[in-house]
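Trainee: can't give you the sequence, but here's the structure:
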């Protein structure tokens, strides 16, 4: 089970205030589907507006990225730059 | 995910990476031959110009363009009525998602003008003079409205409201009353009250910074040519021609394939050229007139109508134990967004405490619309503003505790394994090493004289990866072409050529790097976010590796051996099996010259979405001398250390650091948008908006700390953003220690400093 950390207020508004939860998923694509099923709207929010840090490595739109059984997944806003 | 490499693997012997060759585009640029956005001339080309709002906030009652259109030489006139009225739709482009409705209303006002200089109509004419005359003939009736520019005034009850349908997001419940606050951001962890309760000393402080412009030397410029069959071409200076294509197509409801954008050279961007201002208007004018149309902003237009970065107010409450351990931090960030929502306050929230291992914190950010130009990205957007408040607060804490400011930072520094305030657990970061580089630098031992002070500040930026496409081909003589879709702003042609040369085993002078247009290569997102050397560079390395594998296959076929009997070294295939290669190694030239016999041309493409960009940290120290009579600040010396991962071309990395510092010094000491009571910018030119020039600056000593990023083949991290983060605070702290007064409002102009010194003297 991957541990998902959802500290940002936008996420917590859709998780009923939960800051973390567990999801069984093998890939980011799988993860997003399961999060959307459990917290409607959150999967889409992540897909469109957020980045995902997998075990400390920040990814964006990496749907094919694999998750280990005990991966830590941190949800955070997308990052740009100048 | 990209194939990871171990940090120790990046220490392999490198022949090209890490050297300092001359940049491939250097001669063109220093001899004036390079073609920028304003340099293109086409047969029958018209001049496009823009009519701009004289008011900071007004309703548009009517626009009458008939007299302008009747003027001989005028071929087209346009207003927002000539552009699709778009619904609110977020489109991922440039530095972040753009709201297409807002973007359309920014490039051409619809219903209301929201800032002085807001575009309201445009003309295309046969000459500059006729175009100017036509602008004067456009008759517009306005109903002027009260305006607001100051961020805190815009948040206050009773402030003039810019958008009747803007209701603050992020409050939990949608308010019923419209507001200038677009979004409230919030990030917290731990127990704030317990953290402050555990503190022996608490500081509460407030710092503000003015809106500043990116200050690129080249004004926005483009040429658009709309053909009768709908096939259009746009020549444009930008940080990303694919994004220009996407935004034009979206704003004008065109097919992407009908818009070909050809990148001109770019004379600076720093984040400000990641969106569109002129290109959609030039396309409409070209379509209406049937002629190519060139549009070039004046410097005044650049200041009045293109994105500066946010003015901001940052309040910080921070508590620490007597030994310097920070126990809690509360940060509030108010950011001016300009006319439309979308300031970089979200990034400011995330970066504000990124250098500190703090268990208990709460960071709040406010994105606030104002009657000023819509802000645009500027190097490490949001981070310098936040660092100004946080770094100065840390200095205040250190002063009250009697602890050396460097010791204070070391004690609370984030390290590998520490959870970043913005979420992930840090790994492969070099912050502590960067602190150490400054601590041991000779700069720190130089004694200070009267009226001199030293400031130390730290800074952070995430850096990003993203989508890039690269073509690499081998010419018949064994030389190589590297094509990318990434505009070259900071020397990326050189770094791309170097990485290709390293893998191919040839000299960098044998590689020609080019930036290809949108019809000639696959998608690449903008050159921004310090992504190009990391992401596009990763694609270059992978493409070159594919070619090496292909050439080994060709050599194996030629010699009749298994491919594992072929090694690639110094630009040639070598056979390990005795007697199979009587003529010796097969060079790149030999393989390319006979490529038709082994399968055809040697070329490949790699398209990827690079992940795993390594975050960057910088620590700066500066010494200043303040003239107590005038309040003038002289920067005596400046040293900037930064974790750069691996410097592909060290001279350009140093240049990025020095450039970021120079811009940060300008932000700290001189630069600001000065508005009249009528909401008109009063210093819209480089005479009155003073950026630092060489004579204002000492030699900036750039110290590169190399803690490799294992996600990149050579360990590279982005380097362009971090160096602008610490200078605002470093200068403010140095002035504090030179004068004994703490300056809370940037810029640190002589008049403000003199007034503060006088106030202290009573």
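Mentor: Structure's in. What do you need? Because the structure is predicted, anything quoted here is derived from the model rather than measured. Numbering: from 1, shown residues only, chains lettered A, B, ... in the order given.
Trainee: how close does the residue of the stretch 201-350 of chain B found nearest chain A sit to residue B:102?
Mentor: In the stretch 201-350 of chain B, the residue that lies nearest chain A is residue B:271 (2.7 Å; CB to the nearest CB). To be clear about C-beta, it is placed using only N, CA and C from the backbone, and glycine gets the same treatment. Distance of residue B:271 to residue B:102, computed by CB to CB, to the nearest Å: 18 Å.
Trainee: just want to know which of these two has more residues nearby.
Mentor: Neighbours per residue, other CB atoms under 10 Å in any protein chain shown: of residue B:271 and residue B:102, the larger number sits with residue B:271, 30 against 18.
Trainee: wait, that one sits on residue B:375?
Mentor: No - when contacts are counted by CB atoms under 8 Å, residue B:271 is not listed as touching residue B:375 (9.9 Å).
Trainee: who touches both of these two?
Mentor: Jointly contacting residue B:271 and residue B:375 under the rule CB atoms under 8 Å, 6 or more residues apart in numbering or on different chains are residue B:309.
Trainee: where exactly do the strands run in chain A?
Mentor: A:2-5, A:20-23, A:50-54, A:57-59, A:72-77 (DSSP state E).
Trainee: what strands flank the third one, and is each parallel or antiparallel?
Mentor: I take that to be strand A:50-54. When sheet partners are counted by DSSP bridges, strand A:50-54 sits next to strand A:57-59 (antiparallel), strand A:72-77 (antiparallel).
Trainee: to residue B:398, which of the strands of chain A lies closest?
Mentor: For residue B:398, the closest of the strands of chain A is strand A:72-77, at 29.7 Å, according to CB to CB.
Trainee: columns mean pLDDT and mean neighbour count on top of the strands paired with strand A:50-54, output as a markdown table?
Mentor: Converted to a markdown table, these look like this (pLDDT from 0 to 100; neighbours: other CB atoms under 10 Å in any protein chain shown):
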| stretch | mean pLDDT | mean neighbour count |
| --- | --- | --- |
| strand A:57-59 | 94 | 23 |
| strand A:72-77 | 95 | 23 |
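Trainee: which helices and strands sit right next to the helix or strand of chain A with the lowest mean pLDDT?
Mentor: When each helix and strand of chain A is scored by mean pLDDT, DSSP states H and E, helix A:9-12 comes last, with a mean of 89. Packed against helix A:9-12, as judged by 3 or more CB pairs under 8 Å, 6 or more residues apart in numbering or on different chains; DSSP states H and E, are the following elements: helix A:42-49, strand B:181-189.
Trainee: report how many residues lie close to residue B:317.
Mentor: Neighbours of residue B:317 using other CB under 10 Å come to 19.
Trainee: sorry, wrong one. I was asking about residue B:596.
Mentor: Other residues near residue B:596 come to 9 when the count uses other CB under 10 Å.
Trainee: how about the secondary structure of it?
Mentor: In three-state terms, and counting by DSSP: H, G, I helix; E, B strand; the rest coil, residue B:596 is helix.
Trainee: distance check, it against residue B:602.
Mentor: Separation of residue B:596 from residue B:602 (CB to CB): 10 Å.
Trainee: that older thread, for the least confident helix or strand of chain A, buried residues please.
Mentor: Buried residues in helix A:9-12, counted by 16 or more other CB atoms under 10 Å in any protein chain shown: A:9-12.
Trainee: for residue 54, give me the pLDDT.
Mentor: No chain was given, so I picked chain A. pLDDT recorded at residue A:54 is 97.
Trainee: let me rephrase: I mean chain B.
Mentor: pLDDT for residue B:54: 98.
Trainee: hmm, back to that, out of the helices and strands packed on helix A:9-12, which one sits most buried?
Mentor: When these are scored by mean count of other CB atoms under 10 Å in any protein chain shown, the highest mean neighbour count falls to strand B:181-189 (a mean of 20).
Trainee: that strand: what's the following helix or strand?
Mentor: Toward the C-terminal end, the helix or strand that comes next after strand B:181-189 (DSSP states H and E) is helix B:192-197.
Trainee: before we move on, back to that, what would the helices and strands packed on helix A:9-12 look like in a markdown table with distance to residue B:317 and mean pLDDT?
Mentor: Shown next, in a markdown table, are the helices and strands packed on helix A:9-12 (distance: least, CB to CB, whole Å; pLDDT from 0 to 100):
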| stretch | distance to residue B:317 | mean pLDDT |
| --- | --- | --- |
| helix A:42-49 | 29 | 93 |
| strand B:181-189 | 13 | 95 |
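Trainee: make a markdown table out of the ones you listed and add distance to residue B:14.
Mentor: Below are the helices and strands packed on helix A:9-12 laid out as a markdown table (distance: least, CB to CB, whole Å):
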| stretch | distance to residue B:14 |
| --- | --- |
| helix A:42-49 | 39 |
| strand B:181-189 | 40 |
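Trainee: and those: which comes nearest residue B:297?
Mentor: Nearest of the helices and strands packed on helix A:9-12 (CB to CB): strand B:181-189, 26.8 Å.
Trainee: okay, now the domains of chain B?
Mentor: Domains of chain B are assigned by automatic domain parsing as B:7-34+B:465-610, B:146-426.
Trainee: what's the local residue count around residue B:510?
Mentor: Neighbours of residue B:510 under the rule other CB under 10 Å: 18.
Trainee: quick one: residues contacting the closest residue to it other than its chain neighbours.
Mentor: On the basis of CB to CB, 6 or more residues apart in numbering or on different chains, the spatially nearest residue to residue B:510 that is not a chain neighbour turns out to be residue B:479, at 4.7 Å. Taking CB under 8 Å, 6+ apart, we find residue B:479 in contact with B:506, B:510-512.
Trainee: what pLDDT does residue B:479 get?
Mentor: In this model, residue B:479 is scored at 98, pLDDT.
Trainee: equivalent analysis for residue B:6, please.
Mentor: 40.
Trainee: swap in the one 4 residues further on?
Mentor: The predicted structure scores residue B:10 at 47 on the pLDDT scale.
Trainee: after the longest strand seen in chain B, which helix or strand is next?
Mentor: The residue-count maximum for a strand in chain B (DSSP E) belongs to strand B:326-338. Going down the chain from strand B:326-338, the next helix or strand is helix B:345-351, by DSSP H and E.
Trainee: what's that following helix packed up against?
Mentor: Secondary-structure packing of helix B:345-351 (3+ CB pairs under 8 Å, 6+ apart): strand A:72-77, strand B:181-189, strand B:326-338, strand B:361-369, helix B:383-401.
Trainee: redo that, cut-off 7 Å
Mentor: Helix B:345-351 sits against strand B:181-189, strand B:326-338, strand B:361-369, helix B:383-401, with contacts defined as 3 or more CB pairs under 7 Å, 6 or more residues apart in numbering or on different chains; DSSP states H and E.
Trainee: and that helix, how far from the chain's centre?
Mentor: Relative to the centre of its chain, helix B:345-351 is centred 15 Å away, using CA atoms, centre = their mean, to the nearest Å.
Trainee: now it: average pLDDT?
Mentor: Across helix B:345-351, pLDDT averages out at 97.
Trainee: give me the contacts around that helix.
Mentor: A:77, A:79, B:185, B:187, B:333, B:335, B:363, B:365-367, B:381-383, B:385-386, B:422, B:460-461 (CB atoms under 7 Å, 6 or more residues apart in numbering or on different chains).
Trainee: can you check stretch B:180-188 too?
Mentor: A:7-9, B:154-155, B:159, B:161-162, B:166, B:168-171, B:337, B:341, B:345-346, B:349-350, B:361-369.
Trainee: and the spatially most distant residue from the centre of chain B, what pLDDT?
Mentor: Centroid-distance maximum for chain B: residue B:579 at 56.2 Å, with CA atoms, centre = their mean. Predicted confidence (pLDDT) for residue B:579: 95.
Trainee: and the longest strand of chain B, what does it pack against?
Mentor: Packing partners of strand B:326-338 (3+ CB pairs under 7 Å, 6+ apart): helix B:151-155, helix B:192-197, strand B:312-320, helix B:345-351, strand B:361-369, helix B:383-401.
Trainee: please identify the deepest-packed of those.
Mentor: Highest mean neighbour count among the helices and strands packed on strand B:326-338 (mean count of other CB under 10 Å): helix B:345-351, with a mean of 28.
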